[in-house]
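> 3D, please:
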Amino acid sequence: QVHVVESGGGLVQTGGSLRLSCAYDGTFSGIKSMAWYRQAPGKERELVAMISGDYRTTYSDSAKGRFTISRNNAEKVGFLQMDSLIPEDTGLYFCRIEAMVVNLGRTSFPEYWGQGTQVTVSS
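Below is the predicted model:
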C-alpha cells in the first residue's frame, strides 16, 4: 500500500505561480511513474504531466512551456512547478503514483491516488 498526499494548492492571480507537492510513502520496490492530473468543475480528469522511472517527462499541450514536473526518490516527493498560470488551469489537482511491487518473485504495478489539492486562478 502507498499513501499519497498532495499539497501546495491555493488561489493566485493570472500570471502567478504555484508549486504543488506530492509526498508518497509505503511498501514498494520502486516508482514506475508519477503523474499529475487536473479535474475542472464539470469536466473529466485529464493528464497534465508525467515523469517516468528514468525521469522522462511528458506534458499536455496546455502545460508545455509553463509547468515543470520533477521527483526526488530519496525524499519520496514529487513536484509540479506551475508558472504563468491562467484561469483555465483552475481545478482539483491529483497526484498518481504507479508503484513497482515485487512479491514472491512476481512484479506488479499498482496505482495510488491522493485526495487532490485545489488550484484556483483568478482573472
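> Am I right that Glu88 is in a helix?
Yes - Glu88 forms part of a helix when assessed by DSSP: H, G, I helix; E, B strand; the rest coil.
> for the protein, longest strand please?
Across the chain, the longest stretch assigned as strand under DSSP state E is strand 91-103.
> starting at the chain centroid, how far to it?
In terms of Cα atoms, centre = their mean, to the nearest Å, the centre of strand 91-103 is found 8 Å from the chain centre.
> Show me what that strand packs onto, helices and strands only.
Judged by 3 or more Cβ pairs under 8 Å, 6 or more residues apart in numbering; DSSP states H and E, the packing partners of strand 91-103 are strand 2-7, strand 18-26, strand 30-39, strand 106-108, strand 111-113, strand 117-122. The way it works is simple: take the backbone N, C-alpha and C, and place the C-beta from them, glycine included.
> Output those in CSV; the columns should cover distance to Asp54, mean pLDDT and mean neighbour count.
Formatted as CSV, those follow (distance: least, Cβ to Cβ, whole Å; pLDDT from 0 to 100; neighbours: other Cβ atoms under 10 Å):
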stretch, distance to Asp54, mean pLDDT, mean neighbour count
strand 2-7, 19, 97, 17
strand 18-26, 18, 97, 18
strand 30-39, 10, 96, 20
strand 106-108, 16, 93, 9
strand 111-113, 18, 97, 15
strand 117-122, 26, 98, 17
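> Same list (those strands) but as a markdown table, adding distance to Met50.
A markdown table is the format used below for those (distance: least, Cβ to Cβ, whole Å):
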| stretch | distance to Met50 |
| --- | --- |
| strand 2-7 | 15 |
| strand 18-26 | 12 |
| strand 30-39 | 4 |
| strand 106-108 | 19 |
| strand 111-113 | 12 |
| strand 117-122 | 17 |
